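> Here is a sequence with its predicted model. Questions after.
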Amino acid sequence: MSPMLIDHPSLKPLARHMQAYTTKGLRELQAGGSKFAASESEIYAAAVYERVGELDNCLDSMRIAISEIVSLAKSPTPTSKPYRYHFENYLLRTTGLLDRAFRLVGITLGMPKSQIDNLQGNTRVRNVVKDSYPEIHRELLDFQVLMVERKDARNDVAHSTAFSSRELGLFTAVEHLKYEGVDQAEVESLMSRYFSTEASLLGLLTIQAEARLFQLIGQLESVILSHVNADA
């Protein structure tokens, strides 16, 4: 099982505040209420953990998409439609992963949600860290460079057309047009190899993304400590 970002050692200073926040919230729910008093550190911890949890959820969705593609590659009768569906889902999740990384940084720095949860949010976060937090800025840029991979295909899926490739186009043509003289077993073998290769590439990108996010959270530790200590 892949490590969870929410278990990152740099988040430990927030653990007791998150526990206090959760305990208060559960007690209020049991009493039939919806609002409860919380300290600044508790509110801050909940906000940071929420953003880290969103990153973990996105990574989990990417892993599920890869797993489904691997299953298709191992199937005795692979088909292109489910492959395209899971591949498109993976591509769209990478966009979410990048945005959520920026928003985690923004929340950790204490920026209001109204400034980061919109189309200009990433730019605002980048402007804040560029001069004041150069290490965090570098990690964000490195992560952005990594996520630029397959950007064109991702934009096509999000805004205009379905994902395609030369190979996928050939497989789709064979499936729909039923060409005579084409060995179906050979096509299925080619399809399985193609799906398997692509799943390996997506798996590598996911591992690299996890590593970059782990490093990013590590760079946020000093900011986290300053917020917690300020409310002590």
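Sure thing, it's come through.
> for residue 77, phi and psi?
Taking degrees, to the nearest 10, you get phi -130, psi 70 for the backbone angles of residue 77.
> burial count for the residue nearest to it when sequence neighbours are not counted?
Leaving out its chain neighbours, the residue that sits closest to residue 77 by CB to CB, 6 or more residues apart in numbering is residue 188, at 6.3 Å. Where C-beta positions appear, they are placed from N, C-alpha and C, glycine not excepted. Using other CB atoms under 10 Å, residue 188 is surrounded by 17 other residues.
> pLDDT-wise, which helix or strand of the protein ranks last?
Across the helices and strands of the chain, mean pLDDT, DSSP states H and E gives its lowest value to helix 151-159, namely a mean of 54.
> Now do the helices in the protein.
Assigned by DSSP state H, the helices in the chain fall at 15-30, 40-74, 80-108, 113-116, 121-132, 134-147, 151-159, 166-177, 184-219, 221-230.
> how far off helix 121-132 does the third one point, in degrees?
So that's helix 80-108. For helix 80-108 against helix 121-132, the angle between stretch directions is 50 degrees (axes from the mean of the first three to the mean of the last three CA atoms, to 10 degrees).
> mind listing what's buried in helix 80-108?
For helix 80-108, burial by neighbour count (16 or more other CB atoms under 10 Å) applies to 80, 83-84, 86-95, 97-108.
> Can you name the residues that contact residue 100?
The contact partners of residue 100, by CB atoms under 8 Å, 6 or more residues apart in numbering, come to 51, 54-55, 58.
> Residue 53 versus that one, what's the distance?
As judged by CB to CB, to the nearest Å, residue 100 and residue 53 stand 10 Å apart.
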